[in-house]
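Chemist: Here you go, sequence then predicted model.
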Amino acid sequence: MEGSDALTAGDGVREPVYYRLKQHLLETIEAADEGDRLPAERVLAEEFGTSRASVRLAIQELVVEGRLRREHGSGTYVARPKLAQPLQLSSYTSETRAQGFEPGTRILELTSMTAGPRVGARLRVVPSTRVVLLARLRTADGVPMAIERTHLVSSRFPHLRRHLTAEDSLYRVMREEYGVEPVESEDTIETGVLSPDDAALLRTDVGLPALLQTRLALDADGIPLEWTESVYRGDRYKLVARLRRR
């Protein structure tokens with residue numbers, strides 16, 4: 001970073017100007033409405049006495065974080081707030097609708113396959129066991145948000161294709177058609193980047209930050225019901241955990 005694009009903070013650490021500009025833009029975004037347009041890069045560069053390269057860097061980070069959105073040939077705008085997904089055993093449809101978004105689902109794949117060592121270990125079955133792979137694309141207001149890939153033991157959910165439509169909640173089908181439902185789950189969340197295939201499905205850029213969630217859901221007897229791997233767009237999603245002290 002060139003000297004003109006760095007300031008000295010109180011503890012002597014040199015703070016990049018783009019970072020200070022980013023903090024200023026965050027404050028602006030908090031006070032703005034969705035769809036408000038940002039000043040042009042040239043205007044921001046003059047206001048902060050910095051280069052347009054620093055302005056672009058600050059804006060790019062906020063775009064990746066989902067705070068801003070760019071429209072080519074038009075400008076940069078305040079983005080819609082991220083969709084918050086609670087970490088609980090609930091329906092995507094109900095949680096999305098409760099936040100003012102219209103949920104949607106497209107079934108990408110619903111097929112039978114051999115569990116193999118990896119999935120078999122998660123579902124606590126031998127690798128040769130037949131399982132159902134259910135892959136779904138989740139949307140909010142028509143915008144792709146997440147991809148879920150769920151594995152279920154076929155013998156517990158025979159003829160699933162007959163009962164599950166794109167609009168259905170899998171948990172509702174489990175409960176009403178098969179008489180079981182998850183009562184406990186173990187969820188793991190990591191950060192990652194989107195693969196080319198997932199980026200294409202989510203209509204976004206390869207390498208965009210993503211939230212990777214795995215879930216092992218158990219029935220009342222502690223037997224695995226589902227093993228799900230989900231990929232969430234990092235720029236449009238945040239996961240929320242509600243904790244309570246015992």
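Modeler: Happy to help now that I have it.

Chemist: Now T76: closest residue in space, sequence neighbours ignored.
Modeler: With Cβ to Cβ, 6 or more residues apart in numbering as the measure, L38 is the residue that lies nearest to T76, at 4.4 Å, once sequence neighbours are left out. Yep, even glycine has a C-beta here, placed from its N, CA and C like the rest.

Chemist: Contact partners for that neighbour?
Modeler: With contact set as Cβ atoms under 8 Å, 6 or more residues apart in numbering, L38 has these partners: 25, 28, 44, 59, 68, 75-78.

Chemist: burial measure for P127, as a count.
Modeler: Residues near P127, counting by other Cβ atoms under 10 Å, number 12.

Chemist: Likewise for the one 4 residues further on?
Modeler: A total of 25 residues lie near V131 under the criterion other Cβ under 10 Å.

Chemist: and the protein, what are its domains?
Modeler: Residue ranges for the structural domains of the chain, counted by automatic domain parsing, are given in the record as 3-78, 83-240.

Chemist: Let me see the mean pLDDT of stretch 205-223.
Modeler: Confidence over stretch 205-223, taken as the mean pLDDT, stands at 90.

Chemist: what secondary structure does the closest residue to V126 other than its chain neighbours sit in?
Modeler: The spatially closest residue to V126, leaving aside those adjacent along the chain, is G120, at 6.0 Å (Cβ to Cβ, 6+ apart). Remark: G120 carries the secondary structure label helix [criterion: DSSP: H, G, I helix; E, B strand; the rest coil].

Chemist: so G120 sits right up against M113, yeah?
Modeler: No - look at G120 against M113 with Cβ atoms under 8 Å: they stay out of range, at 11.2 Å.

Chemist: Return the set of buried residues in the longest helix belonging to the chain.
Modeler: For the chain, the helix with the greatest residue count under DSSP state H is helix 17-31. Applying a neighbour-count criterion of 16 or more other Cβ atoms under 10 Å, the buried positions in helix 17-31 are 17-22, 25, 29.

Chemist: Between all of those, which two are at the greatest distance?
Modeler: In terms of Cβ to Cβ, the buried residues of helix 17-31 reach their longest pairwise distance at V17 and I29, which sit 18.4 Å apart.

Chemist: What is the nearest of the contacts of L38 to T96?
Modeler: Out of the contacts of L38, the one with the shortest distance to T96 is V78. That distance is 21.1 Å, counting by Cβ to Cβ.

Chemist: Check whether that closest one really touches A31, as I assumed.
Modeler: No - with contact taken as Cβ under 8 Å, V78 and A31 are classed as non-touching, separated by 9.8 Å.
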